[in-house]
Structures are given as structure tokens and as C-alpha cells.
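Participant: sequence unknown, structure follows:
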DNA sequence: TATGAATGAGGATTCATTCAT
DNA sequence: GATGAATGAATCCTCATTCAT
């Protein structure tokens, strides 16, 4: 379901060597468990928020005992942080790459928008974003980690590219260059809107983002 | 501190008559207490979120006994809902009025943006908005109430005005008319951003919104 | 509904004299209120038991303010005790009288049985009896009052009458004389049974008591 | 103290196998704790009734933490129900067996009476009976369970045996066959009486039941 | 007297975390 | 490593009782 969670990332060296042919079963099982816990945590945190999530439920969903969670994560908050990191880190490189492509600015922006729609809105990552929005102010460390590992890496790249576009005359003003947040604001609103009012009045993200592009670059001649 | 909370709104008729000269002390004190509880609840909920807020703390901060809260609100969730209602309802009329003013669309939009900056961002209301964003998906009833009492009243008015602008040729495309959310998206992002990263990298809301207007209408000649 | 509750019983002298023509409105209203509270208390205690009854509900049902209860009764337990006293005391004289009638013992016993069926089982008094059974062991004072004011007065009279019957040869053994409780045991069981299992398997009290008389005196030839 | 509480009854299969030699320590300890909680609950409920019993006290008396109770019982009411079930269920078979013995009806009835005196009156079970009487009407489910698991199983057997006795001419009337409740009514009254008035005027159960037998079958020549 | 707002002790229940097996 | 039983602090909510009006 969410495969980002299976790459271990932080593996101990293993008992030096270990017969060639890949990681031993021991380490592999350990990773599986860790991934299972993260996946379960995602479901539960997304459904109930940080405070209302019971580690009992996470354990049950992951198919492990409650105590096992503590073999992989210091405490509930750590689990939460690891989840955020595991889900969002892989995305950073992709976004950076898109921003750096040497294409017309509109194409770059469209790529980023598509990236958002496909890789965030279309996946569980939207729940992670929502969780950060919802819980971030109560977990300064979480907000900090997210800022450092995502925002602080993506934003400068985007800003640089947008500044270049201004200099090249691709953009009529420097608004976007000064506040690249304007680029993704509608995306965030879409996530929030549908989480809150999806049942009452669903918001079509693709259309919304297309309209947003119209605002940014002027309407396209055809659809 | 937050004066919206002091208007009673839901007062029982009172034993008809009552010596002239205004509400009796009884009713007045009752309202004061209710307002004090709401104000305290705002502080606590804003600081800790719904789940982590202790009614004990709300009571202490309000200067009343724990049980007193239950004389005014059925339970913790009711208190939360009433808080949202009390804070946001008064704003709806103002926004509607602004949208209906017969001015050039840019002026209308600027008024709404100013309204947002002054009446939401500049007040505790931003915390209420943040709370709705954070807790809304876990309290469907809350989301519903907010949708019905705020969104469903403001959005159509804005959409109507924007549609008119399109027809009048004041706007080069119908993106905003179809998605008035695009108008306020940066505002919401500003609230979230500063709640999460304000200490790390504060976002200047006024500048952000000015840039947003630039995006919408093109850069102004002067500031 | 339960008129025993209206006789005041414990009236203060009143402001000496008071214009002839009956108790003044002041005192009359006081009694009404007291009776209303007792009647409401009966309903609530019967429905929920002592601990689970809220004085708030009693007050509401009685149509008075909560504080008013405390003008008439020291506390919840006093109210409970007064209720028992008010409901059962009036019955004692009637039972004594029945026991003392100079009739064949079977007739006397039948009168007492009828008295039970009509005056207890057929009225709210059965709930009071049930309450004493249920709560008596937790309220020693209540049990004591009940013992002194009801049991200790009725039992000796019955025992005397039954002893006389034994001496006169109206009864073949002294079992009933030694344990007059045997006379009313089925009656109590009927109260309990129907309170507990009435919905599942109602017990016909009249038939039960008739059968009981058959056991005591042998079957009657006709009904 | 009350050994019925130690038989587990509801044990999970355990991980098949388990080294020969009896239940593992894990399961054994679990049962011990459950039994300790039930025993403690019996004391507390008997002393204070359902509502006034604090689970805190139950836990303390059982020597476990408050939370532990909830590992064994869903909530206070469940604990209460399990207690009743655990105490009374084992008795049902014994009573049925007694009723089915092929002896003269008087002997059968005497056996049942003895059973009552020894197995209920002489044990903590009398407190359980008293609790059912006291709380049954407020806990319909409890009353139902008790009816289904005890009354509905014992009563028909007794009725059948008594009907047979009538047919055989062992009894002069069908009163008992129609209302076997008459058989145990004095027993219940004894429980109630001594719980309420035991300190004021203790009732000798053995004598009472003997007198009851006299009433049912006529006085015996000797004791 | 009567009211009913206010109090605050009290208790059921939950759940993160620990630790013996 | 895993397990899951045990812990007990934490918190919501109730309700008898008081007392200013």
C-alpha cells in the first residue's frame, strides 16, 4: 500500500559480512515489522489524529504485540515523526529534480503541480500533510523536522528557478519568486477542504489546480 | 480579549418585567461566566488542540469551578463547537457585505483580503480557523456546522460577485469564479505556516497577500 | 396518586392561633410542596434506587427548585427515610386491627393477605418495600426505623393472635406462631419476583397467595 | 474464601502443546488474578451495593492495579454480572440433582432446604442472592441472566417433581406444584431479614426452615 | 421562603509505557 | 527479540450540597 515505509533507511551494519546474497532473514524480518508498524500507524494517525490514536490499535493492525512497537520507536511521538520522515523524504528529490529541469517556467510549474496531484493528493501522503498541518503546532520538533527536511530543501530550489524565470522575463512579476508558497497554497487547501467537507461538497483537485494555473499564467486556449 | 464571546446570543426570556435598567445581575453574571469560559477555552484549545486540552485548565483559567463549565456546555465537544460558532458567525455578515459592495472587482477582492488580514489573521480568529483545520476531520459535526454557517454563506456570494466580474470583463478568465477558494488559499497557508514555522521563518502575511493580489490582477505600479 | 404523602405529620405549631378556619395558606402550601417532593422521590427512588437517584430529577418532577428540597429534608438520606415512614406508618394500624379481629384464624390470615394484596401490592407501597429490601442493609438507620415502626409493632400482634390460635386448636402446630414471617414470605417473594422477572414470567400474586393459603390451611373445597 | 471464583471456565486454548505438567504460569497467574478480583468484588458489592462500590477499592482489596480489572472485565457492570454467574452457576446442577432423586417428596424437599441452608445461606452466596434482589430491577440484563441461568433451569425440574408427587398422592394439593416459589420463599426472607435486622433480632434460619417444613408437611413427632 | 448557579470531591475509564517470561 | 499482562497517572463528567439573591 505505502511502500515508502519498507525501505529501512537506518540499518545497523549487521553482524559484519553475513553470507553474501543479501540481508539475512533476521534483519529482513525486522524491517518488515518496522514497515508494518509504520503502515499501521499511518492508517490510525490519519483516521484519528495523534492524541486519539491508540498504540494498541496500531499494534493490532500491524500484527505485532504492543511492546514490539517500543523495540522500533522510542515512544508514540517518535513513531509519529518517523512516519512523517519516511513518507515525505523520498519526495524531496523528485520535486527538486522537477524544479531544476530546463524547461519553460510554465512547464516546470505544471510538472510540480502534477507531482503534487499524483504523488501527494493521490496517495496516503496527503494524510501525512494533513497530519502535519493539524498537529505541527503542538509538536514543534515535528514541525522543525518537516521544515528542515522538506521545506528548507524544496523552497530555495523553487525560489531560485522562479527568480530565474523573472529575470528571463518568463514571469510578469516577482510575486511567485518571493512567495513560492503561492504555488502550492491551492493544493494544501484542496487537501484540507476534502478532508473536512469532502462529503458535503467535494472539490475537484485537478480542476482546481488547472484553474490555479490559469490564474498564474492566463487561460490556455484549449483544454 | 476576544469580545465576540461576550455577546450572549442565546438568552432565555427572563422573568418578564425585571426592574427597568438592564439585565439583572443574575443574567449578567451568567453571561460573564459563559464568556470567560469561552475565552479560556480558546486559549487552551489553541495552545493544545482539542484532545490535549484539559477542562480543568479551562476552568482554572476562566476562574470558575470545573462543574460550572457543564452548566453552560453539555460537554467538551459542545464547548468546542460553541467556541467556533461564537468566534466566526459575526464575521460572515461583514464578509458578505464586502462582497456585495458595488466597486471594481479588484477593490472588492482587496477589501476581502484586508478583512481577512485584520479580522482573522490579526485576531484570535486565526487560531479558530487553525483549530477547524486541525480537528475538523475528526469532528464531522464541527466541520458541518462550519460549512453550513460560514462557507455555505460566504462562498456563493463571492462566487456570484466574481461571476459578475467575468461577465463584465473585469476578469480575464473564470478561474476565480469557479473556485473562489483560490482567493483565500494563501491566507490559509499563512495561518498554517506561521503556526508551524513562525519561529523558524516567519511569513509576512501582508506582503504575501499583496503578492497574491499581484498574481491575481497583475503588479500595481506603486506600493 | 399516593395520598399518604400529603398528611404533614410533623407540623410546627404555626404562629400561635392563626385565624380560625384551618391552616393558613402559608402552611398549606408548605405541605403541598413537601408532599410533592415525597411523591417525586417515590417515583425516582423506585425507578433507580437510592444511589442512582438524582435530587435534580426529584426537584424537577416535584416542580420545585433543587434547593427547596433542603428546606424540607436535611439531606438525601433523610428524604429517603421520610418517604418510607410516610408510606408505611399509616398501614400499621390497619394491620394491627385486622390481626385483632375476633374471627377464626383462617379468616384473620385471609384478611391480612388481602390487606397485603390491596394495600401494598396494589399500590406504590410495594416499591417502598422493595426499596427497603434493596437498600436496607446499606442504611442501618433506615432498617432500624422500619423495624421499630413497622415490624416491631405488627409482628407481636400477629404472633399473639397465632399463639392464641394454637392454644385454641385452630392450628395443628406452632410453626406460624413462632415464625409469623412464614405468613408474608410469599408476598415478599411476589414483590421481588415481579420487579425482577415480571417481564419475563409474571407471577400472579392473587393465585400465589391463594395457593399459599392452601398450604397453610389445606385446599378449600370451592373457589 | 470463595472457591467458585477460581475455576477459570473461560480459558483460551493456549498455544497448543505447552510443556506437559499443567497450565503454564502465565495462564495460571491470569486465573488467580481474575479470581482475586471476583473475590474482592464480592466483598465490596456485598458491603456497599453496586453503585456505591468503588473499583478502586476492589482493586486494592484484590491486590491489583485499577487498570487490571479492565483486562478481565469490560466494565463495572460486567464484573458484577460475572460475579453472579460465577457464584451461582455451579449450584444449579446440584439442585437439579437433588430434585431428581427418587425419594419421598418430603425427603426431596428437605434435601433442597438443606442445600439452601448449607450452600447458600452458609456461604457468600447469600450475599449474591441479596445483591440480585437489591439490584436486579435496575439491571434488567442481570435479572435476565439470572433468570435464564438459574431460575429457568431449576424451577421446571422442581415443578415436575412436585407435580409427580401430587399425582402419586404424596401431597394433598397442587399448590406447591403450581408455585414452587412457595418452597423457597422463607429462605429468601431469611436472607433479607438477617441482612436488615440481623443485629436487632436475628432469625434462626434452621429453625425457620424447620417450621416451614412443618407447615408444608405437618409437624414431625420428634426432631 | 424559594431559587438555581456554583462548587468540588469523587469515581469510572483509558492508554502510554514497562518488564517478567 | 517478542510478547502481552500489569501499572497508575490522567481526565472527563456527575451530583449532593451550599448560599447569594
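Facilitator: Nice, thanks for sending it over. Fair warning: this is a prediction, and the values are worked out from it, not measured in the lab. Numbers count the residues shown, from 1 in each chain, chains lettered A, B, ... in the order given.

Participant: so for residue A:21, what's the pLDDT?
Facilitator: In this model, residue A:21 is scored at 53, pLDDT.

Participant: same deal with residue A:175?
Facilitator: The model reports residue A:175 with a pLDDT of 96.

Participant: and it, how far from chain C?
Facilitator: Using C-beta to the nearest C-beta, to the nearest Å, we find residue A:175 at a distance of 62 Å from chain C. (Each C-beta comes from the backbone N, C-alpha and C, glycine too.)

Participant: contact partners for that residue?
Facilitator: The contact partners of residue A:175, taken as C-beta atoms under 8 Å, 6 or more residues apart in numbering or on different chains, are A:182, B:211, B:212, B:214, B:215, B:219.

Participant: mind telling me what element the closest residue to it other than its chain neighbours is part of?
Facilitator: Nearest residue to residue A:175 in three dimensions, chain neighbours excluded: residue B:211, at 3.7 Å (C-beta to C-beta, 6 or more residues apart in numbering or on different chains). Taking DSSP states H and E as the definition, one finds residue B:211 inside helix B:205-217.

Participant: tell me what that helix is packed against?
Facilitator: In this structure, helix B:205-217 packs against helix A:175-178, helix A:181-197, helix A:205-217, helix B:105-115, helix B:181-197, with contacts taken as 3 or more C-beta pairs under 8 Å, 6 or more residues apart in numbering or on different chains; DSSP states H and E.

Participant: contact partners of stretch A:207-214?
Facilitator: Outside of stretch A:207-214, the residues that reach it under the criterion C-beta under 8 Å, 6+ apart are A:106, A:109-110, A:113, A:116-117, A:186-187, A:190, A:220, B:173, B:175-176, B:178-179, B:181-182.

Participant: run the last query once more with 10 Å
Facilitator: Stretch A:207-214 is contacted by residues A:106, A:109-110, A:113-114, A:116-117, A:121, A:182-187, A:189-190, A:193, A:204, A:219-220, A:223, B:172-179, B:181-182, B:185, B:215 when judged by C-beta atoms under 10 Å, 6 or more residues apart in numbering or on different chains.

Participant: cool, stretch A:100-111 as well?
Facilitator: Stretch A:100-111 is touched from outside by A:94-95, A:97-99, A:112, A:157-158, A:160-162, A:164-166, A:168, A:170-171, A:176, A:183, A:209-210, A:212-213, A:216-218, A:220, with contacts defined as C-beta under 10 Å, 6+ apart.

Participant: for chain D, see how far away residue A:147 is.
Facilitator: Here the criterion is C-beta to the nearest C-beta. By it, residue A:147 lies 39 Å from chain D.

Participant: over to residue A:59?
Facilitator: Here the criterion is C-beta to the nearest C-beta. By it, residue A:59 lies 15 Å from chain D.

Participant: how about residue A:139?
Facilitator: As defined by C-beta to the nearest C-beta, residue A:139 lies at a distance of 27 Å from chain D.

Participant: chain neighbours aside, what residue packs nearest to that residue?
Facilitator: The shortest distance from residue A:139 to any residue that is not its chain neighbour, by C-beta to C-beta, 6+ apart, is 6.7 Å, and that residue is residue A:77.

Participant: circling back: buried ones among the contacts of stretch A:100-111?
Facilitator: Buried by 16 or more other C-beta atoms under 10 Å in any protein chain shown: A:95, A:98-99, A:112, A:157-158, A:161-162, A:165-166, A:171, A:176, A:183, A:209-210, A:212-213, A:216-217, out of these.

Participant: same question for the helix holding residue B:211, mean pLDDT?
Facilitator: Here the mean pLDDT over helix B:205-217 is 95, rounded to a whole number.

Participant: distance from it to the middle of the chain?
Facilitator: Taking C-alpha atoms, centre = their mean, to the nearest Å, one finds helix B:205-217 lying 21 Å from the centre of the chain it belongs to.

Participant: so that helix versus helix A:181-197, what angle?
Facilitator: Counting by axes from the mean of the first three to the mean of the last three C-alpha atoms, to 10 degrees, helix B:205-217 lies at 90 degrees to helix A:181-197.

Participant: what angle sits between helix B:205-217 and helix B:105-115?
Facilitator: On the basis of the same axes, to 10 degrees, helix B:205-217 is oriented at 160 degrees to helix B:105-115.

Participant: near the nearest residue in space to residue A:202 that is not next to it in sequence, how many residues? Count them for me, please.
Facilitator: The shortest distance from residue A:202 to any residue other than its chain neighbours is 6.3 Å, reached at residue A:194 (C-beta to C-beta, 6+ apart). Neighbour count for residue A:194, taken as other C-beta atoms under 10 Å in any protein chain shown: 19.

Participant: where's residue A:194 relative to residue B:129, distance?
Facilitator: 17 Å (C-beta to C-beta, to the nearest Å).

Participant: now do residue A:90
Facilitator: 31 Å.

Participant: more crowded one of those two?
Facilitator: Neighbour count, other C-beta under 10 Å: between residue A:90 and residue B:129, residue B:129 has more, with 23 against 15.

Participant: wait, doesn't the more buried one sit right on residue B:146?
Facilitator: Yes. Counting by C-beta atoms under 10 Å, residue B:129 sits close enough to residue B:146 to count as a contact (9.4 Å).
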